[in-house]
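Asker: Take this sequence and fold it.
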Amino acid sequence: MITYKSSIGAQYLLPFFIFFTVIGVALLQPDYGSLMRQESSLVNQVTLSLAYSLAFVLLLKQKGLVLTVIIKSGPLDALFFLIIVSIFWSEFPVKVIIFFVHNVGMACIALCMVLFLINKKDNFFKILLLALSIYIAATVVVTMIRPDIGVMTSTNIYAVSLIGRWRGLTNHPNSLGAICLFATWISLSTFFYTKKSMATSLFAIGLLLAAFYCMYKANSMTSTILSASLIFGMLWLAFIGSSKGGVKFIKITLGAISIFIGLMLLYIIHPEFFSEKYFFRAIGRDASFSGRTSLWDIGLRGFAAKPFLGWSYDSLMSFLKNFNLGYGQLHNGYLDLLVRGGLVSIFLFFILLGQIVYLLLKQRKKDNKDYAYVAILLVAVLLHNMTEGSLVGGTNIIWFMFLLVYFYSILINISQNRLENNASG
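Answerer: Next up, the predicted model:
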């Protein structure tokens, strides 16, 4: 546990809940239903400013914390520095400033949440479980009663149909899917990693089922597949987690053999399941990933034009203007990062990723089982960015999840180092 000058309670979740009203309740916006970027809304700017300011004030109450985290977060500091200096080669410098403020603000909110997570893990998950259960329930009820609000009725300029897909209280089906992915992680972490009552367990299962229902209605395939992977990952870790030495090795071996035999039997009985055509049909997409491959081709051309420092962090505005493209993202987080910040940005990101992996492995060696639910979330975020663009994504909730992982890996090691130093001293 981290002990600082001021007690850490549920108020450290308040900045997140304020931020969540922006991404989760789009119908509160006066321009609800338009395709404008959310950060352009005056209502959103005021709401997010409140969330960022409150988070910063809460962090300042922890004497020395901000400076310590800045020192420990070298790769992220460098990435943020690259964002702000890209103002010098952007055609939209104001957009760069806004984007920089959003990323710093989101880092503050994530840091507040991680402080509460490390100090009061059970309360952290139970409060979020309750809040997200209410939110998902409201999404289902509102969408069923008012389909004009919760169901998409138009298509985008690339003729990728959105008609009939649920968006719930958000502005887009994929936004609803991302929130459901976060809800899945919260429900599974509550179920497997907290001290809980039967009622809490039932709440967790209920939220999980409701989240999958919403993802199905939203036809958000990336979030659905990753949520299913989260379930498999959590079950697998629960299966081998309490075992040690030879017993763990036997369980892993038996698990691998069982999966192999299962796949072989499936191939013998239904070989068509392993065809490319069946794969795309099973995930509800075509070989172009719903038009994404054409965007990726354009993105690669953009990267080739400015390979080292990219087009700048102005929400792709400079890139979109020069390539006459009306789409707001490239549907691949890594390509998106290359286009915005070039090879320098992707290099910094992988250093940052290496730092996370190193720190989480330290926790594993110290037999801190909580590293598992954080590591699984990291994998989900990285895989999500294969078909969606959210790395260094400002107010994107998937990027926020990545920041949670990053600051957890840093703060949990700071906390344990202090405890070890106090014990030895």
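Asker: Distance of residue 393 relative to residue 116?
Answerer: Separation of residue 393 from residue 116 (Cβ to Cβ, to the nearest Å): 23 Å. For glycine as for every other residue, the C-beta is placed from the backbone atoms N, C-alpha and C.
Asker: These two: who's more crowded?
Answerer: More crowded of residue 393 and residue 116, by other Cβ atoms under 10 Å: residue 393, with 24 against 21.
Asker: Phi and psi next, for the more buried one.
Answerer: The phi/psi pair for residue 393 (degrees, to the nearest 10) reads phi -110, psi 20.
Asker: For burial, what's the neighbour tally of the spatially closest residue to it that is not a sequence neighbour?
Answerer: The shortest distance from residue 393 to any non-neighbouring residue, by Cβ to Cβ, 6 or more residues apart in numbering, is to residue 399 (3.6 Å). Look at residue 399: counted by other Cβ under 10 Å, it has 23 neighbours.
Asker: Which residues are in contact with residue 399?
Answerer: 106, 390-393 (Cβ atoms under 8 Å, 6 or more residues apart in numbering).
Asker: Check residue 352 too.
Answerer: If a contact means Cβ under 8 Å, 6+ apart, then residue 352 has 75-76, 79, 406 as its contacts.
Asker: Which helix or strand contains it?
Answerer: Taking DSSP states H and E as the criterion, residue 352 maps to helix 333-365.
Asker: Please state the offset of the helix or strand following that helix from the chain centre?
Answerer: Sequence-wise, the next helix or strand downstream of helix 333-365 (DSSP H and E) is helix 371-384. Taking Cα atoms, centre = their mean, to the nearest Å, one finds helix 371-384 lying 9 Å from the centre of the chain it belongs to.
Asker: Report the inter-axis angle for helix 371-384 versus helix 333-365.
Answerer: In terms of direction (axes from the mean of the first three to the mean of the last three Cα atoms, to 10 degrees), helix 371-384 departs from helix 333-365 by 170 degrees.
Asker: Give me the buried positions along helix 371-384.
Answerer: 371-378, 380-382, 384 (16 or more other Cβ atoms under 10 Å).
Asker: quick one: average pLDDT of that helix?
Answerer: Across helix 371-384, pLDDT averages out at 90.
Asker: packing partners for it?
Answerer: Where contact means 3 or more Cβ pairs under 8 Å, 6 or more residues apart in numbering; DSSP states H and E, helix 371-384 is packed against helix 173-193, helix 221-241, helix 333-365, helix 397-424.
Asker: who touches the second one?
Answerer: Which is helix 221-241. Under Cβ under 8 Å, 6+ apart, the answer for helix 221-241 is 174, 177-178, 180-181, 184-185, 188-189, 191-192, 208, 211-212, 215-216, 248, 251-252, 255, 283-285, 369, 372-373, 376-377, 379-380, 383-384, 386-388.
Asker: Are any of those buried, and if so which?
Answerer: Using 16+ other Cβ under 10 Å, the buried ones in those are 174, 177-178, 180-181, 184-185, 188-189, 191-192, 208, 211-212, 215, 251, 285, 372-373, 376-377, 380, 384, 387-388.
Asker: Thank you kindly, that will do.
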